[in-house]
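Visitor: here's a sequence, model it:
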Amino acid sequence: MDIRVHCRNKAFFAFGTARIFERRLRQLNALRNWITYLGIVVPLLIGGVALSFDTKVLPYLIIPAGVVGLIQLALSAWSLVAKWDDKHAFSLNALQAQTKLFNAWDALAKRNPPDLDAKASELDAEDQRQEARDLTQVITQQEKNYGMRTALFYFGNECPTCRVRPVSLKASTCDTCGNF
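Guide: I've put the predicted structure just below:
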């Protein structure tokens, strides 16, 4: 295989993998923000009401505040069990590493330096180390489809399965570039 084609292929997959971890990062950020918000807003609202209004209003707020507090506790427990903080940290590092790999592979494919073979071999080793780390995160088939769709869209390629060139990131019914 031509080394420049190899570099383009590696850039393609690094781009898609970076988008997978970027998407995970957005989802985890939203979940973590909800936990933080709920943990702060309930005590602030109760305290604000207690300081601002007649204390006769407080008994009516106890049950809704208790329900929201229980939801926050359940979310906090879930986040600890599911290790959202660890997954968030890994996703951030993986996004940075895959973006770095994409930029390096893309540069090799476009610039064709005189020591292309040596640089590609070095980058292959780094790519394999990152792939081994990424595999510990159990990437689902839906996430792989999403990564494929984003890479096909970005590079303007057609899907090898459905032969459609994505014009948006909206999911399709294809088992390679859709169904996410």
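Visitor: check contacts around residue 112.
Guide: By C-beta atoms under 8 Å, 6 or more residues apart in numbering, the residues touching residue 112 are residue 4. Every residue, glycine included, has its C-beta placed from N, CA and C.
Visitor: how much space between it and residue 7?
Guide: Residue 112 is 9 Å from residue 7, where distance means C-beta to C-beta, to the nearest Å.
Visitor: pull out the buried positions in the helix or strand of the chain at the bottom of the mean pLDDT ranking.
Guide: Using mean pLDDT, DSSP states H and E, helix 58-82 stands out as the lowest-scoring helix or strand of the chain, at a mean of 91. Going by neighbour count (16 or more other C-beta atoms under 10 Å), the buried part of helix 58-82 is 65, 72, 75, 79.
Visitor: make sure the second one is actually in contact with residue 42.
Guide: This points to residue 72. Yes: counting by C-beta atoms under 8 Å, residue 72 touches residue 42, with 6.9 Å between them.
Visitor: show me where the chain has its strands.
Guide: With DSSP state E, there are no strands along the chain.
Visitor: where does it dip in pLDDT?
Guide: Scanning the chain with the threshold set as pLDDT under 70 gives 1.
Visitor: please parse it into its domains.
Guide: The chain breaks down into these domains under automatic domain parsing: 3-139, 140-180.
Visitor: does residue 113 touch residue 119 like I think?
Guide: Yes: using C-beta under 8 Å, residue 113 is in contact with residue 119, at 6.4 Å.
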